[in-house]
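Chemist: Model the structure of this input:
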Amino acid sequence: MQSVAESKSQAAELSDLDPGIAETVHALRRCGVPTYESCQGGPGHTFPEPTVRFSGGREQGVQVLGLALQLRLPVRALKRVWRVVDGEPVGPHWELTFYPPMKRLPGGFRGDSALSNSVHCSHTGKPPSP
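Modeler: The predicted structure is shown next:
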């Protein structure tokens, strides 16, 4: 169980997110996905399309993709990315990209209030097991 301080810290982190991707990041984090970068995409933003980056090994990418689809997020692509920093590849890292704007799929988005028994989430800070 989280302490009050941890809950306030997480709320502050989420308030710093782009409004167009915050609900998606919050839903993924509630399920234990270790996100570390996100952007709602579009002109004036870091990414051209809504993007969430997360860490994890080989298996986590497919697990998080499955979770995102269960949450009915409008996933466009799952990518394994190596950034080039000072001429050296760094990574790999996972990226989920989404169709803009972040609209809910038919049947509704299963975010905070609906993370129910139909979507089994882990609160361990690790991506859920299949």
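Chemist: Not counting sequence-adjacent ones, nearest residue to Arg76?
Modeler: Thr97 (4.6 Å; C-beta to C-beta, 6 or more residues apart in numbering). To be clear about C-beta, it is placed using only N, CA and C from the backbone, and glycine gets the same treatment.
Chemist: which stretches of this protein form helices?
Modeler: 4-15, 22-30, 58-70 (DSSP state H).
Chemist: Lowest average pLDDT across those?
Modeler: Ranked by mean pLDDT, these end with helix 4-15 at the bottom, a mean of 56.
Chemist: Could you give the bridge partners of Val84?
Modeler: Counting by DSSP bridges, Val84 is bridged to Pro89.
Chemist: give the contact list for the nearest residue to Gly61 once chain neighbours are set aside.
Modeler: Spatial nearest neighbour of Gly61, chain neighbours left out: Trp94 (4.8 Å); criterion: C-beta to C-beta, 6+ apart. Neighbour list for Trp94: 53-56, 60-61, 64, 78-81 [criterion: C-beta atoms under 8 Å, 6 or more residues apart in numbering].
Chemist: So which of those are in strands?
Modeler: 53-54, 78-81 (DSSP state E).
Chemist: Going by distance to Gly87, which of the residues you listed wins?
Modeler: Minimum distance to Gly87 across these is 16.7 Å, recorded for Val81 (C-beta to C-beta).
Chemist: Can you verify my assumption that Val90 contacts Val84?
Modeler: Yes - Val90 is in contact with Val84 according to C-beta atoms under 8 Å; the separation is 7.2 Å.
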